[in-house]
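S.K.: predicted model, plus sequence, below.
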Amino acid sequence: MIRVLFFILCVVAAALGLAWFADRPGTITVEWLGYQIETSALVGALAIVALVVTLILLWAVLRYLLTRPAAIAAYTRERRKQQGLDALSRGLLAIGVGDRALAQRYAGIARRNLPNEPLTALLRAQAAQLKGDRAASRRAFEAMLDRPETELLGVRGLFLEAKRSNDLDAARALAERAVKRDPKLAWGVNALFDLQAREGEWDGALNTLAIARQNGDLDQNVAARRRAVLLTAEARDAEASNPEKALALATEALRLAPSLVPAAEIAGRILASKGEARLASRLVSRTWKLAPHPDLALVYAFAKPGESPRERLKRIKHLASLTPGDIEGQIAVANAAIEAHEWQEARNALEPYLEDRPSARICTLMARIEAGELGDRGREREWLARALRAPRDRAWIADGYVSDRWLPVSPVTGAVDAFEWKAPVDAIGRGDSTLVIEERPEPPMKEIAAARKALAAAKPAEVVVEEVHTEAAPRSAPPSIKKEASVQAEERRKPTLFVPDRPPDDPGVTQADTEESPTSLERLRAAQIR
């Protein structure tokens, strides 16, 4: 509405101006280069306006012609940019779905249209990786190192390529460059930490862990646990050469992670060697309450040098009373009782675990009890045979790797604090029920011998057998066929007795066998079932 009103006002003003010029005629004379032009004031004004309009139009046309090349170039650049961005988008989508040919095609289009775009280099590198061309991928990442905005991207790409090639030296150099370039970059700090820990550089790993903790890349509890593991590893290496340093490191590790068994074992062993038995016992028992372990029981038992086996048994019984529901305490009691020749007490400690498929350690301990208490070589061999088929005991396990001792780093993946004390079947999930070996009860030898004698002396009429019904010969059959059929029926009615030479679980020891040599029994006793 305002625009219409403004237009009307302009028209009215123009009309009034023309009317004013028409009411006041005049003469305009122009003399130039010997020419004289005379006209009225109105015509002169109109001529001036026409001249100005003509000049404006000429300038517009000239300006349009002069700016066309630049405009065409700008339009071309914009069109190429749009095509490049579209190629980048489609190329990244192709990489996401794994279309190698389409990714290569769009990478080429993006390179032609957007050669200086950082995403173009990334698309080229990822397309080369998808194709399996590691050389081209490496060249693409190396080209990124020359530009500040893509340097870290190139470093990460080269780091991943080095990891795939198992070139740990190059991977570590790239990780150090990433940390130096940007300490707040989580992947660089974590990668450098893992590589240092795998190579056993505990001091460098501790410094890198401090950087990660300072920048908030790790949770405080996780960082404390990792620091404790690294301190324990360093203490284990320094225990033989510098016990004081090892004790300080292990003590600090226990302060950060009280349930860390190796740290308590190292600290307790060093304190016991220094004659501080009470402090060693207190430290070991505190960790035992959180994580019972055979190594802790061994350190606790020998914390006081010179004690008799019976005194060590008393100490172990006190330690086991701290965790009454855990099997490790009862196994430790049984071990100490065997050393003290308290056979009945060792039996009582293991008795609750004998019914439900005892583990290999329990079977081995029962073999020692049978051999030590009664000297029954047959029973000892029987228990050792059961140990070969018994469920595997708990061990240090990480990523499917079973170790007889704790390690700070997994030898499979290089992860820190990966080892756990558990049964091997727990490392792969729930066991397959079809692979479980059923344990039969112990063969009652006396009852089997009595049954054999009874069966040998029994009359055929006293033996109850199941009747075998057979078809009788037809009445119209010849007498010879009837006789043969009756003989076969009589043979089937006779009782068939099958008495095995020995029960299925009998290891094969007979009365006529001579005693086994001590060497063979010792070899069976020393078998470690893991």
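M.R.: Nice, thanks for sending it over.

S.K.: what sits against the residue nearest to the spatial centre of the chain?
M.R.: In the chain, the residue lying closest to the centroid (CA atoms, centre = their mean) is Asp399, at 7.0 Å. Shown in contact with Asp399 (CB atoms under 8 Å, 6 or more residues apart in numbering): 410, 412-413, 415, 418. No exception for glycine: its C-beta is placed from N, CA and C like everyone else's.

S.K.: output these in JSON lines, with secondary structure and pLDDT appended to each entry.
M.R.: Shown next, in JSON lines, are these (DSSP: H, G, I helix; E, B strand; the rest coil; pLDDT from 0 to 100):
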{"residue": "Ser410", "secondary structure": "coil", "pLDDT": "92"}
{"residue": "Val412", "secondary structure": "coil", "pLDDT": "89"}
{"residue": "Thr413", "secondary structure": "coil", "pLDDT": "87"}
{"residue": "Ala415", "secondary structure": "coil", "pLDDT": "90"}
{"residue": "Ala418", "secondary structure": "coil", "pLDDT": "92"}
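
S.K.: just the buried members of those residues?
M.R.: Neighbour-count burial (16 or more other CB atoms under 10 Å) applied to the contacts of Asp399 gives 410, 418.

S.K.: in JSON lines: the contacts of Asp399, plus distance to Ile8.
M.R.: Listed next are these as JSON lines, based on distance: CB to CB, whole Å:
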{"residue": "Ser410", "distance to Ile8": "88"}
{"residue": "Val412", "distance to Ile8": "89"}
{"residue": "Thr413", "distance to Ile8": "85"}
{"residue": "Ala415", "distance to Ile8": "84"}
{"residue": "Ala418", "distance to Ile8": "87"}
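
S.K.: rewinding a little: from Thr232, how far out is the residue nearest to the centre of the chain?
M.R.: Using CB to CB, to the nearest Å, Asp399 is found at 19 Å from Thr232.

S.K.: just Cys10 next, same as before
M.R.: 92 Å.

S.K.: neighbour count winner among these two?
M.R.: The neighbour comparison of Cys10 against Thr232 (other CB atoms under 10 Å) goes to Thr232, with 30 against 10.

S.K.: could you list the low-pLDDT ranges of the chain?
M.R.: 425-530 (pLDDT under 70).

S.K.: in it, which helix has the most residues?
M.R.: helix 41-97 (DSSP state H).

S.K.: can you name the next helix or strand after it?
M.R.: For helix 41-97, the following helix or strand on the C-terminal side (DSSP states H and E) is helix 100-113.

S.K.: quick one: buried residues of that following helix?
M.R.: 102-107, 109-111, 113.

S.K.: over to stretch 315-322?
M.R.: Neighbour-count burial for stretch 315-322 flags 315-317, 319-320 (criterion: 16+ other CB under 10 Å).

S.K.: show me what it is in contact with.
M.R.: 281, 284-285, 288-289, 297, 300-301, 303-304, 307, 329-330, 332-333, 335-336.

S.K.: is it correct that Thr39 is in contact with Gly26?
M.R.: No: counting by CB atoms under 8 Å, Gly26 is not a contact partner of Thr39; they are 9.8 Å apart.

S.K.: please say which of those two ends up with more neighbours.
M.R.: Ranked by neighbour count (other CB under 10 Å), Thr39 and Gly26 place Thr39 first, with 15 against 10.

S.K.: how close does that one get to Leu290?
M.R.: 115 Å.

S.K.: with Lys184 instead?
M.R.: 35 Å.

S.K.: same check on Ala238?
M.R.: In terms of CB to CB, Ala238 sits 25 Å off from Leu290.

S.K.: same question, Glu199
M.R.: Distance from Glu199 to Leu290, by CB to CB: 31 Å.

S.K.: ok, now Ala15?
M.R.: Relative to Leu290, and taking CB to CB, Ala15 is found at 103 Å.

S.K.: what of Ile338?
M.R.: The gap separating Ile338 from Leu290 is 27 Å, by CB to CB.

S.K.: more crowded one of those two?
M.R.: Ile338 (21 against 13).

S.K.: residues in contact with the more buried one?
M.R.: Contacts of Ile338 (CB under 8 Å, 6+ apart): 346, 365, 368-369, 372.

S.K.: need those residues in a markdown table (columns: distance to Glu142).
M.R.: A markdown table is the format used below for these (distance: CB to CB, whole Å):
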| residue | distance to Glu142 |
| --- | --- |
| Ala346 | 68 |
| Leu365 | 62 |
| Arg368 | 65 |
| Ile369 | 68 |
| Gly372 | 70 |
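
S.K.: ok, of the residues you listed, which one's closest to Ile270?
M.R.: Leu365 (29.1 Å; CB to CB).

S.K.: using PDB, write out the CA atom coordinates for stretch 103-122.
M.R.: Extracted in PDB, the C-alpha atoms of stretch 103-122 (Å, rounded to 0.1, in the frame of the first residue of the first chain):
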ATOM      1  CA  ALA A 103      33.800 -45.200  -3.600                       C
ATOM      2  CA  GLN A 104      36.700 -45.100  -6.000                       C
ATOM      3  CA  ARG A 105      34.600 -43.400  -8.600                       C
ATOM      4  CA  TYR A 106      33.300 -40.600  -6.300                       C
ATOM      5  CA  ALA A 107      36.800 -40.200  -4.800                       C
ATOM      6  CA  GLY A 108      38.100 -39.400  -8.300                       C
ATOM      7  CA  ILE A 109      35.300 -36.900  -8.900                       C
ATOM      8  CA  ALA A 110      36.000 -35.200  -5.600                       C
ATOM      9  CA  ARG A 111      39.700 -35.100  -6.300                       C
ATOM     10  CA  ARG A 112      39.100 -33.300  -9.700                       C
ATOM     11  CA  ASN A 113      36.500 -30.800  -8.300                       C
ATOM     12  CA  LEU A 114      37.900 -30.300  -4.700                       C
ATOM     13  CA  PRO A 115      41.600 -31.000  -4.700                       C
ATOM     14  CA  ASN A 116      42.300 -29.000  -1.600                       C
ATOM     15  CA  GLU A 117      39.400 -30.100   0.500                       C
ATOM     16  CA  PRO A 118      40.600 -32.200   3.600                       C
ATOM     17  CA  LEU A 119      37.600 -34.500   3.200                       C
ATOM     18  CA  THR A 120      38.800 -35.300  -0.300                       C
ATOM     19  CA  ALA A 121      42.000 -36.700   1.000                       C
ATOM     20  CA  LEU A 122      40.200 -38.700   3.700                       C
END
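
S.K.: run the chain-centre distance for that stretch.
M.R.: 35 Å (CA atoms, centre = their mean, to the nearest Å).

S.K.: sorry, back to before: Ala171: which of the contacts of Ile338 is nearest?
M.R.: Nearest to Ala171 out of the contacts of Ile338 is Leu365 (CB to CB; 47.4 Å).

S.K.: ok, then the element right after the helix or strand containing that closest one?
M.R.: Assessed by DSSP H and E, Leu365 sits inside helix 360-373. Moving toward the C-terminus from helix 360-373, the next helix or strand (DSSP H and E) is helix 377-389.

S.K.: surely Val30 is in a helix?
M.R.: No: Val30 is assigned strand when assessed by DSSP: H, G, I helix; E, B strand; the rest coil, not a helix.

S.K.: now the helices for the stretch 251-400 of the chain?
M.R.: 261-273, 277-290, 294-301, 309-321, 327-339, 343-350, 360-373, 377-389 (DSSP state H, counting those that start in this stretch).

S.K.: buried deepest among the ones you listed, which one?
M.R.: helix 261-273 (a mean of 24; mean count of other CB atoms under 10 Å).

S.K.: quick one: it to helix 294-301, angle?
M.R.: Helix 261-273 and helix 294-301 are oriented at 20 degrees to each other (axes from the mean of the first three to the mean of the last three CA atoms, to 10 degrees).
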